[in-house]
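> Need a 3D model of the following:
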Amino acid sequence: MSILTGLIRFFRIPGVWKILAAMLVYGCGTGILGPMNAIYLKNGLHLSKLEISLLVSITLVINMSVTFFSGLLSDHMKNRKYLPIIASAISICGLFGYDHANSFITALIFYALSTTPSGAMVGQLYAMARSHFAEEAPDIVEIGIVWLRTLMSIGFFIGLLLGAQLYTLVTFHGVIIGNLICYAIILILFVFYRERHAVATLKRQEGTSIEWVTLVAVLMILCCDQVRGLYFPLMVDTIYKNPTVVSHLWSVQVIFEFVWMTLAGVAAQRYGGLRVTIFAGFAALFVYCVYAMHPALPWLYAAQPIYSFFVSVINTVTMGIIQRMFLHRAGFGSSLYFVLSQGASLIGYMIPNVVSGFSPHIFYLPAMLMVVAVGLLFGQQYFAAKARVTDLSA
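Okay, the predicted model is just below:
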């Protein structure tokens, strides 16, 4: 099946438009809030680097717990859609309070309420999508998940542009309102969504064994990306004193993600997910080294498409590797990837405090961590290949 034929089939899956719209809107909400949030905490509430790290880290601990237990719970629920509905409602309430935060404590309370349900929301979104694809279009389940994640990137790109404009024209209040509208739309979409279950179809699909070395390596890779996600906007704002530059740089990255995600999905089917993840790790290593050398702005723009490839791989191919380890527990498998991502955020946000200020030298830390992660994946591939040769000779 050609990519074009697959795309046409993807968008014609019966009843899928609500899931696609929800993922697009979720990406938009993330794009509106994400890059501007750290700048607001730094410039609007005048929090220190340690306070920002603590706020985000405490919130992540709560988010990890909510995501993990919602994943366990969802596999025993007849209708998973009630989890994202409840999560959206809580986030809307939290955003109202976050808009009026005036100290570290109030920011922490309302930021936690507005963001901690997000893991449960997106984890169950993927789980419902996998069941929906398995029932209505079982031949394109894996590439369908890739394209679903691409829609999130498209939404993120739209959100970046909206977020930058809202921050410039209406200050951070506009960013909050935009994010709130996105969560309200998600809530409405899931109220009217008819969930599919596809238990029999999922049982016929082939999963993979649990590989703990791979899980540790993925955690480290995600940790590198989370360090970059928080400190790249702060570094750029410190150097160039212009928050809109951050949004423009992120936009350059996101523009390429649709092509990269599709190519990464095709490459993973041909060469294997681990090989594609290793190659992407080398691409990220190069970009971290560029960041660390205090480059001029054109170099930062040039590095973004390369980093876009890395982000595309870890958000599609690498996520697929984790989900297939727990294929017959779709809710838990989808949530586990986000628990790993949140755990990586927790580690990644605290590590750079060993470097003073918002220096570009922070990015030597994820570079070193990436070397270790890629080494672990190389070792995993080597021993797996050796075991296959041994089995064949036996």
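
> Confirm for me that Tyr337 is in contact with Ile322.
Yes: in this structure Tyr337 lies within contact range of Ile322 using Cβ atoms under 8 Å: 4.5 Å. Glycine gets a C-beta too; all of them are placed from N, C-alpha and C.

> quick one: which of these two has more around it?
Neighbours of Tyr337 and Ile322, each counted by other Cβ atoms under 10 Å, are more numerous for Tyr337; the result is 27 against 23.

> thinking in terms of the whole chain, how far from its middle is the helix or strand hosting Ala38?
Using DSSP states H and E, Ala38 maps to helix 17-39. Relative to the mean C-alpha coordinate of its chain, helix 17-39 is positioned 11 Å out (Cα atoms, centre = their mean, to the nearest Å).

> between the very next helix or strand once past that helix and helix 17-39, how big is the angle?
Note on helix 17-39: by DSSP H and E, the next helix or strand toward the C-terminus is helix 49-74. Interaxial angle of helix 49-74 relative to helix 17-39 (axes from the mean of the first three to the mean of the last three Cα atoms, to 10 degrees): 160 degrees.

> Quick check: what element follows helix 49-74 along the chain?
helix 82-98.

> So what's the gap between that following helix and the chain middle?
19 Å.

> May I see the buried residues of it?
83-88, 90-92, 94-95, 97-98 (16 or more other Cβ atoms under 10 Å).

> any idea which of those is closest to Ser48?
Nearest to Ser48 among those is Tyr98, at 19.0 Å by Cβ to Cβ.

> That closest one and Leu392: what is the separation?
Distance from Tyr98 to Leu392, counting by Cβ to Cβ, to the nearest Å: 58 Å.

> Repeat that for Leu215.
Relative to Leu392, Leu215 is positioned 27 Å away (Cβ to Cβ).

> Between these two, which is the more surrounded one?
Under the criterion of other Cβ under 10 Å, the comparison of Leu215 against Leu392 puts Leu215 first, with 15 against 7.

> So the more buried one is in contact with Leu340, correct?
Yes: with contacts counted by Cβ under 8 Å, Leu215 reaches Leu340, the gap being 7.1 Å.

> list residues touching both of the two?
Common contacts of Leu215 and Leu340 (Cβ atoms under 8 Å, 6 or more residues apart in numbering): Ile322.

> Could you list the buried residues of stretch 32-52?
Quick answer for stretch 32-52 (16+ other Cβ under 10 Å): 32-42, 44-45, 47, 49, 51-52.

> Distance from the longest helix along the chain to the middle of the chain?
The residue-count maximum for a helix in the chain (DSSP state H) belongs to helix 141-191. Helix 141-191 sits 13 Å away from the centroid of its parent chain (Cα atoms, centre = their mean).
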